[in-house]
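[1] Here is the input, now give the coordinates:
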Amino acid sequence: MKKIALYTLFSFGLLLSCSKDSDVTSSGSNTNLKAGNLLTTGSSARDLLSNDNYDKILIEIDYVTGFAPTAGAIANFEDFLLTRTFKETIEFKYSALTSPNEETLTLEEVVDLESENRDEYNDGSTLAVHIYFADAPADTDDESEGLVTLGAVYRNTSMVIYESTIQDMANRSTITTEEIETATLLHEFGHLFGLVNLATESVNEHEDVEAENHCNVDGCLMRAELQFGGSLLKQMEKNVSKGLASIPDFDAECILDLQKYGGR
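    Below you'll find the predicted structure:
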């Protein structure tokens, strides 16, 4: 199997497995139906952000029965896309799937599940994105060390959300499932946008030297650890205690990068 770069959001402790791509290429010129959706992570940044090749995003959400995303998180996700891209049409297509009956999921298994179940690929002026909501945690999780994976992107239009892990976290916190889902979706989609220096080049250097392809600005959505020594969940709880929104946003540097590649 071709090596696939994995970009993950972890909570409690953060462990990153990231690589850097050199530049942005457009998937608009691919003639094979699936070829434009089998590129490296971040390589469709301009296509996702601008209307140069695609004016619509179709997001296929495949979820294991009982592990669908909350309606609130998807509404927040849609607002985020309309705010940060120039797309005026965002469509969601849902499919309920049976469980693969795995205690944990490897990246290879996630890729296989996408190959078996994905129906939507780029077509005409529509850019397709696939998100799988899993009922099993990532095989890289180590709860004894406090390492828990919430989501990952591994191609230019492919993402997995470890919904069972998110639900478990929410059950132990004052932060809701909707809020954790939203933060995870937005962070991972930031990587699909090419952040940070991931198949893109930043306007001003702001990459974390200790966590490749993540932002070094405190409080940014693309921070590897939203606060060094802390976790996503703890940071969200801290924000709420200060009367702030629980879900972080892009900092000014990340927004400059989005605008450079066709976003708002």
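
[2] from the chain's centre, how far out does stretch 256-264 sit?
    A distance of 17 Å separates the centroid of the chain from that of stretch 256-264, by C-alpha atoms, centre = their mean, to the nearest Å.

[3] That should have said stretch 108-116, apologies.
    When C-alpha coordinates are averaged (C-alpha atoms, centre = their mean), stretch 108-116 and its chain have centres 17 Å apart.

[4] Also stretch 198-212?
    How far stretch 198-212 lies from its chain's middle: 17 Å, per C-alpha atoms, centre = their mean.

[5] mind listing what's buried in that stretch?
    198-200, 202, 206-208, 211-212 (16 or more other C-beta atoms under 10 Å). Using the backbone N, CA and C atoms, a C-beta is placed for each residue, glycine as well.

[6] and if you look at stretch 70-89?
    Of the residues in stretch 70-89, those with enough neighbours to count as buried (16+ other C-beta under 10 Å) are 70, 73-74, 76-77, 80-81, 84-85, 87.

[7] mind exporting that stretch as PDB, just the C-alpha atoms?
    Written as PDB, here are the backbone C-alpha positions of stretch 70-89 (Å, rounded to 0.1, in the frame of the first residue of the first chain):
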ATOM      1  CA  THR A  70     -24.500  15.600  16.300                       C
ATOM      2  CA  ALA A  71     -26.600  17.900  14.200                       C
ATOM      3  CA  GLY A  72     -25.100  20.900  16.100                       C
ATOM      4  CA  ALA A  73     -21.500  19.900  15.200                       C
ATOM      5  CA  ILE A  74     -22.400  19.600  11.500                       C
ATOM      6  CA  ALA A  75     -24.200  23.000  11.600                       C
ATOM      7  CA  ASN A  76     -21.100  24.500  13.100                       C
ATOM      8  CA  PHE A  77     -18.900  22.800  10.500                       C
ATOM      9  CA  GLU A  78     -21.000  24.100   7.700                       C
ATOM     10  CA  ASP A  79     -20.800  27.700   9.100                       C
ATOM     11  CA  PHE A  80     -17.000  27.300   9.300                       C
ATOM     12  CA  LEU A  81     -16.700  26.300   5.700                       C
ATOM     13  CA  LEU A  82     -19.000  29.100   4.500                       C
ATOM     14  CA  THR A  83     -17.000  31.500   6.600                       C
ATOM     15  CA  ARG A  84     -13.500  30.400   5.500                       C
ATOM     16  CA  THR A  85     -14.000  29.400   1.900                       C
ATOM     17  CA  PHE A  86     -15.700  31.100  -1.100                       C
ATOM     18  CA  LYS A  87     -18.000  28.100  -1.600                       C
ATOM     19  CA  GLU A  88     -21.700  29.100  -1.500                       C
ATOM     20  CA  THR A  89     -23.000  25.500  -1.600                       C
END
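
[8] Which residues does that stretch contact?
    When contacts are taken as C-beta atoms under 8 Å, 6 or more residues apart in numbering, the neighbours of stretch 70-89 outside the stretch itself are 48-51, 54-57, 61, 90, 92, 177-179, 181-182, 185-186, 189, 193, 247, 250, 258, 262-264.
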